[in-house]
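Peer 1: here is my input; please provide its structure:
(one chain, ligands or ions: 1)
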Amino acid sequence: MADIGDIKASYDALDELWIRSLKNMFGDGVLLDITGARYNGDYNVPYLDAQRNKQKYVLKQIKFKKKDRILDIGSGWGPMLKVIKNEGGKAAGITLSPAQVKYCKQNKLDAFLLDWKEIDSKKENKQIDSIFNKPFNSIISIGAFEHFCSVEEMKEGKQEKIYRDFFKTASKLLDSKGMLYLQTMTWGGRGVPDLEKDIDSSAQLHSLKRIYGQWKAYFPGSWLPNNEEQIVAAAKPYFDLTRSEDGRLDYVETARVWIEAINAPGGCKKRLSWLKFLGKGLIRPELIARYKSVREDAFSRGFAYDMIGHRRLTFKKKK
Ligand SMILES: C[S@@+](CC[C@H](N)C(=O)[O-])C[C@H]1O[C@@H](n2cnc3c(N)ncnc32)[C@H](O)[C@@H]1O
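Peer 2: Numbering: from 1, shown residues only. Below you'll find the predicted structure:
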């Protein structure tokens, strides 16, 4: 599993620049979704509307009602916490990123530094217990599942068990009619790459090997689920799948907008974020390598070439 160090490397370091870029492009009030928007194939739809479409879709899938208690596993910078709060619900989020917790708290959103695998063992903490001591109406998890299994765990054959444990935990936290909305990357239609033969971040520019290599470098500690079938099989003892959508091509467009925002010229605040990022890069050269993968567009190419897939899955707790 990606641990706090991996998540800090994936999100906290480059994200200050990324957040500033999005705020420059869309205004300071922009919700900081860091997951695929829902264009539904219509790329005339502006980015912010596509993110709103995703947020509305999530609420519809979980049959959200005012006053519902929702747990967001992997809540990021809190976009869904904010949407749920605005709609009259009560949302709590967990994340492995200290910077995200701080940002959410500053924005009066309930986010906690907690790994879902440790929910049970942390119950002696009063604040944690006060959140988890009664069932949730629904759980959402958007763009976190892909971090739950590490390369090492995959090699040790633990992938299925980790996913089964996740669904078991989610089921225990839900009330009897609970819904679970899960959005995740998977390996794409090209299949699962061979760790030894197919992945090399120093291979020829834009080659598939290099793109896989950059993905692996970008998300240290994470190995993607194979496909939807693997996820649904792991969920089966606890949940029935009620709806599935393919969001792969929508992610190509989402990533295109992010890269445009990062590369756009900016004012003083953006220049300052750049300087801070470059400063961190002097101490940690892997950050610059990660930025290079953004510049080379490895993210959207991975989806466009069907190396990486993306699923929006709605589950209902089994009776
Ligand atoms: C790509 S971000 C998605 C954030 C947000 N859901 C969104 O749509 O913008 C992935 C999130 O999953 C969290 N995460 C990854 N593994 C986790 C785990 N084991 N327990 C809790 N959160 C986790 C990360 O800290 C991060 O907040």
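Peer 1: residue 20 against residue 273, yeah?
Peer 2: Yes - Residue 20 is in contact with residue 273 according to C-beta atoms under 8 Å; the separation is 4.1 Å. In this view, the C-beta of every residue, glycine as well, is placed from N, C-alpha and C.
Peer 1: ok, and the closest non-adjacent residue to residue 184?
Peer 2: Counting by C-beta to C-beta, 6 or more residues apart in numbering, residue 184 lies nearest to residue 145, which is 3.8 Å off, once chain neighbours are set aside.
Peer 1: which ones are touching the one you found?
Peer 2: Going by C-beta atoms under 8 Å, 6 or more residues apart in numbering, residue 145 touches 74, 163, 166, 182, 183, 184, 225, 231.
Peer 1: quick one, strands of the protein?
Peer 2: 69-73, 90-95, 110-113, 136-142, 174-187, 239-246, 308-317 (DSSP state E).
Peer 1: kindly reformat those as JSON lines and extend each row with mean pLDDT, distance to residue 37 and mean neighbour count.
Peer 2: What follows is the strands of the chain, written out as JSON lines (pLDDT from 0 to 100; distance: least, C-beta to C-beta, whole Å; neighbours: other C-beta atoms under 10 Å):
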{"stretch": "strand 69-73", "mean pLDDT": "98", "distance to residue 37": "17", "mean neighbour count": "24"}
{"stretch": "strand 90-95", "mean pLDDT": "97", "distance to residue 37": "19", "mean neighbour count": "23"}
{"stretch": "strand 110-113", "mean pLDDT": "95", "distance to residue 37": "21", "mean neighbour count": "18"}
{"stretch": "strand 136-142", "mean pLDDT": "98", "distance to residue 37": "11", "mean neighbour count": "24"}
{"stretch": "strand 174-187", "mean pLDDT": "97", "distance to residue 37": "11", "mean neighbour count": "21"}
{"stretch": "strand 239-246", "mean pLDDT": "98", "distance to residue 37": "13", "mean neighbour count": "15"}
{"stretch": "strand 308-317", "mean pLDDT": "98", "distance to residue 37": "11", "mean neighbour count": "22"}
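Peer 1: for residue 25, which of those is the nearest?
Peer 2: strand 136-142 (21.3 Å; C-beta to C-beta).
Peer 1: pull up the pairing partners for the closest one, direction included.
Peer 2: Next to strand 136-142 in the sheet, as set by DSSP bridges, lie strand 69-73 (parallel), strand 174-187 (parallel).
Peer 1: list the contacts of it.
Peer 2: Contact with strand 136-142 is made by 35, 58, 62-65, 68-74, 76, 80, 170, 173-175, 177-184, as judged by C-beta under 8 Å, 6+ apart.
Peer 1: so which residues on this protein come close to the ligand?
Peer 2: Proximity of the chain to the ligand (C-beta under 6 Å from any ligand atom) is limited to residues 1-2, 7, 33-35, 73-76, 79, 94-97, 100, 115-116, 142-144, 147-148.
Peer 1: one more time with 5 Å
Peer 2: The chain has residues 7, 33-35, 74, 76, 94-97, 115-116, 142-144, 147 near the ligand, with proximity defined as C-beta under 5 Å from any ligand atom.
Peer 1: need the max-distance pair from those.
Peer 2: Greatest spatial distance among these (C-beta to C-beta): 33 and 115, at 21.7 Å.
Peer 1: what about those two, which has more around it?
Peer 2: Legend: neighbour count by other C-beta atoms under 10 Å for residue 33 and residue 115, higher for residue 33 (24 against 18).
Peer 1: quick check, pLDDT for the closest residue to that one other than its chain neighbours.
Peer 2: Leaving aside its sequence neighbours, residue 33 sits nearest to residue 79 (C-beta to C-beta, 6+ apart; 4.5 Å). Looking at residue 79, its pLDDT reads 98.
Peer 1: swap in residue 7?
Peer 2: pLDDT, residue 7: 58.
Peer 1: so the residue nearest to residue 33 sits right up against residue 32, yeah?
Peer 2: Yes - judged on C-beta under 8 Å, residue 79 makes contact with residue 32 at a distance of 5.9 Å.
Peer 1: when these two are compared, which one has more neighbours?
Peer 2: residue 79 (24 against 20).
Peer 1: the residue in the stretch 201-319 of the chain that the ligand sits nearest to and residue 284, how far apart?
Peer 2: The ligand sits closest to residue 222 of the stretch 201-319 of the chain, with a gap of 8.3 Å, by C-beta to the nearest ligand atom. Between residue 222 and residue 284 the distance is 18 Å, computed by C-beta to C-beta, to the nearest Å.
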